[in-house]
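In: Below are the sequence and a predicted model for it; my questions follow.
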Amino acid sequence: MLATAKKTVKRAVIKYLLWKERRPDAPDGEAFGGLAPGLWGCDWGDDGVLTIDGVSAKELVSHYGSPLHVLNEKKLAENYHGFLGAFEAEYPNVSLATSYKTNPVPHVLKCLHDLGSHAEVISHFELWLALKLGVPPERLILNGPGKGNAALELAVEKRVKLINVDGPGEIEKIAVAARRLGVRQKVGLRVITSVGWSSQFGLSLASGAAEAAYARMTEFPELEPAAIHLHLGTRIQSVQTYVQAVEEVIQFSEMLASKYGIQIDHFDLGGGFGVPTVRGIADWDVRMLSLGYPARFANPDSVPKPADYAKALAPLLNKLRHKTSDSVDCPAIVFEPGRAITSSSQVLLLSVMGKKQGVGGNDFLILDGGANLALPLEWETHQIFPATQMNATASRKCDVFGPLCHPGDVLCQNRQLPALEEGDVLAVMDSGAYFIPNQMNFSNPRPAVATVRNGQHQLVRRREEFTDIVRMDQSPGFDHGA
């Protein structure tokens, strides 16, 4: 009796939540849950096949196989210019640094560097990759809690633009490397404010640890402490959170100037900005799934845009401008918006391998990729389109699984989709952030990456082969060949 009452209450709350978040004015009404393909710069033709910048998803899979990541270069450029332009309209010295960890595909990174982006790296590998891609050292920032001695020494040797210290142990290591090479290295510090992440990253303003680190930096003539770095989290959708953090950082910089003579000329404000078309899975979404509802989609209208952050931060940032007789001297503002730029520019195409009837009546669809390729779907809700059946009626409630022998290999549950069959293609949107760096060759090779631009397509990463997976193994008598 009590259990029935609880279910009734839960269903009532769920109906209220769904009513409260309805989007009656969304493009195409409520088609595709209010998240239609146009939000990603996609469309579909009379044949019902999804197109990505004019290229058919069916053609892409036919040409390159499935699974397949597809980069939309036009959407990537739109995201980049839209974000940077919003801040340039409010402050004269702003740049973006591409977060390598978000999407480390060399072609994606090269596209962003061609647009003007700096590089933000957190490891020896990422530093190596940036240099390999030809990024000038003066456009390179090294961050991260575990950079390692080799990365620190290489960064100093190459005279990178900035090394942001994460813990006190790094200070002397950087100074020793700089002394040995006879250079003066510009450094900053990742700080923890009263809002945002406060775990293993950086040093606290409130505790005095951050101030002590800057005081320690001044003891080494080989170091030039001239930057402050913060990164507040991921999928942040609160403008006020950023305003509060930046206000604290500016106050801290004023103290450093008056007490230690440290002039901060770089404010690295990190990233973590939420994506309008991706939603974190909350407790109520879990309850909804257990009662036969799908998890809720994102509501793009409720997510702040870059211009919202820029306008709110403008009064604070413009306090940093120092007027001189003939010009305005402005400290540099750097943002590291990984997912805000790359997330919606990439699509993961997966094919139906099998179909069966689930115990609860849902269609069970088995795809050729799951948690091995789309791990973020464990904690995020993404739109998934029936890429080869866009004109068909969503008449079936489906649970969608990957190919792994693992009960957690679930892409989504209780989704309304057309009656799909083996060979149909589904498109997982927003695969441009943390899909590829989290993918694994769990019983299967990792997929290829293709790019589309102005109706043309090209392979930029080949599909992993079986021999690639075992290439590093060494065992007597083991043949690495086909």
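Out: Looks like it came in fine. Numbering: from 1, shown residues only.
In: send the alpha carbons of the helix ranked longest in the chain over as PDB?
Out: Longest helix of the chain, by residue count under DSSP state H: helix 239-260. Output of helix 239-260 as PDB, limited to C-alpha atoms (Å, rounded to 0.1, in the frame of the first residue of the first chain):
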ATOM      1  CA  VAL A 239      26.500  33.300 -14.300                       C
ATOM      2  CA  GLN A 240      26.600  34.400 -10.700                       C
ATOM      3  CA  THR A 241      29.100  31.600  -9.900                       C
ATOM      4  CA  TYR A 242      31.500  33.000 -12.400                       C
ATOM      5  CA  VAL A 243      30.900  36.600 -11.300                       C
ATOM      6  CA  GLN A 244      31.600  35.600  -7.600                       C
ATOM      7  CA  ALA A 245      34.800  33.800  -8.500                       C
ATOM      8  CA  VAL A 246      36.200  36.500 -10.700                       C
ATOM      9  CA  GLU A 247      35.500  39.200  -8.100                       C
ATOM     10  CA  GLU A 248      37.400  37.200  -5.500                       C
ATOM     11  CA  VAL A 249      40.300  36.700  -7.900                       C
ATOM     12  CA  ILE A 250      40.500  40.400  -8.800                       C
ATOM     13  CA  GLN A 251      40.600  41.300  -5.100                       C
ATOM     14  CA  PHE A 252      43.300  38.800  -4.500                       C
ATOM     15  CA  SER A 253      45.400  40.200  -7.400                       C
ATOM     16  CA  GLU A 254      45.100  43.700  -5.800                       C
ATOM     17  CA  MET A 255      46.500  42.300  -2.500                       C
ATOM     18  CA  LEU A 256      49.400  40.600  -4.400                       C
ATOM     19  CA  ALA A 257      50.300  43.900  -6.000                       C
ATOM     20  CA  SER A 258      50.200  45.900  -2.700                       C
ATOM     21  CA  LYS A 259      51.800  43.400  -0.500                       C
ATOM     22  CA  TYR A 260      54.400  41.600  -2.800                       C
END
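In: List the buried residues for it?
Out: By neighbour count on 16 or more other C-beta atoms under 10 Å, the buried set for helix 239-260 is 239, 241-250, 252-253, 256. C-beta: built from backbone N, CA, C; applies to glycine.
In: Following element in sequence after it, please.
Out: Using DSSP states H and E, the helix or strand that directly follows helix 239-260 along the chain is strand 266-268.
In: Need the residues that contact that following strand.
Out: Applying C-beta atoms under 8 Å, 6 or more residues apart in numbering, the contact partners of strand 266-268 are 97, 141, 162, 164, 186, 188, 226-230, 246, 249-250, 253, 320, 331-334, 336.
In: Walk me through which strands it pairs with, and which way each runs.
Out: In its sheet, strand 266-268 lies beside strand 223-229 (parallel), strand 332-335 (parallel), with partners assigned from DSSP bridges.
In: Return the distance of it from the chain's centre.
Out: 20 Å (C-alpha atoms, centre = their mean, to the nearest Å).
In: ok, now stretch 128-136?
Out: In terms of C-alpha atoms, centre = their mean, the centre of stretch 128-136 is found 20 Å from the chain centre.
In: show me where this protein has helices.
Out: For the chain, the helices defined by DSSP H cover 2-20, 57-64, 73-88, 106-115, 124-132, 149-158, 169-181, 209-217, 239-260, 283-290, 306-317, 338-342, 466-469.
In: So for the protein, the centremost residue is which one?
Out: Among the residues of the chain, the one closest to the centroid is residue 339, at 2.6 Å (C-alpha atoms, centre = their mean).
In: Test my guess that it contacts residue 276.
Out: No: using C-beta atoms under 8 Å, residue 339 makes no contact with residue 276, being 11.1 Å away.
In: List the residues that contact residue 83.
Out: Residue 83 is in contact with 96, 306, 335, 337, 340, 341, counting by C-beta under 8 Å, 6+ apart.
In: actually residue 58, not the one I typed
Out: Residue 58 neighbours (C-beta under 8 Å, 6+ apart): 49, 387, 388, 425.
In: ditto for residue 354
Out: Applying C-beta under 8 Å, 6+ apart, we find residue 354 in contact with 365, 366, 422.
In: 6 Å instead, please
Out: Contact analysis of residue 354 by C-beta atoms under 6 Å, 6 or more residues apart in numbering lists residue 366.
In: For residue 297, which non-adjacent residue is spatially closest?
Out: residue 33 (4.6 Å; C-beta to C-beta, 6 or more residues apart in numbering).
In: If you could redo that for residue 46, that was the one I meant.
Out: Spatial nearest neighbour of residue 46, excluding adjacent residues (C-beta to C-beta, 6+ apart): residue 391 at 7.9 Å.
In: Neighbours of the one you found, how many?
Out: For residue 391, the neighbour count with other C-beta atoms under 10 Å is 12.
In: measure it to residue 44 for me?
Out: 7 Å (C-beta to C-beta, to the nearest Å).
In: With residue 144 instead?
Out: 41 Å.
In: go on, residue 280?
Out: Noted for residue 280: a distance of 28 Å to residue 44, by C-beta to C-beta.
In: The two: who's more crowded?
Out: Between residue 280 and residue 44, residue 44 has the larger neighbour count (other C-beta under 10 Å), namely 20 against 15.
In: show me the contacts for that one.
Out: Here residue 44 is in contact with 50, 390 (criterion: C-beta under 6 Å, 6+ apart).
In: And the pLDDT for it?
Out: On the pLDDT scale, residue 44 is placed at 96.
In: low pLDDT regions in the stretch 351-482 of the chain?
Out: Applying pLDDT under 70 to the stretch 351-482 of the chain flags residues 481-482.
In: Spatially nearest residue to residue 37 (excluding sequence neighbours)?
Out: Residue nearest to residue 37 in three dimensions, not counting chain neighbours: residue 43, with 5.9 Å by C-beta to C-beta, 6+ apart.
In: which residues sit against stretch 199-216?
Out: For stretch 199-216, contacts defined as C-beta under 6 Å, 6+ apart pick out 145, 168, 171, 189, 190, 191, 192, 193, 225, 252, 256.
In: May I ask which of the residues you listed has the most neighbours?
Out: Result: residue 189 is most packed of the contacts of stretch 199-216 (other C-beta under 10 Å), 29 neighbours.
In: What's opposite it in the beta bridge?
Out: Beta-bridge pairing for residue 189 (DSSP bridges): residue 165, residue 228.
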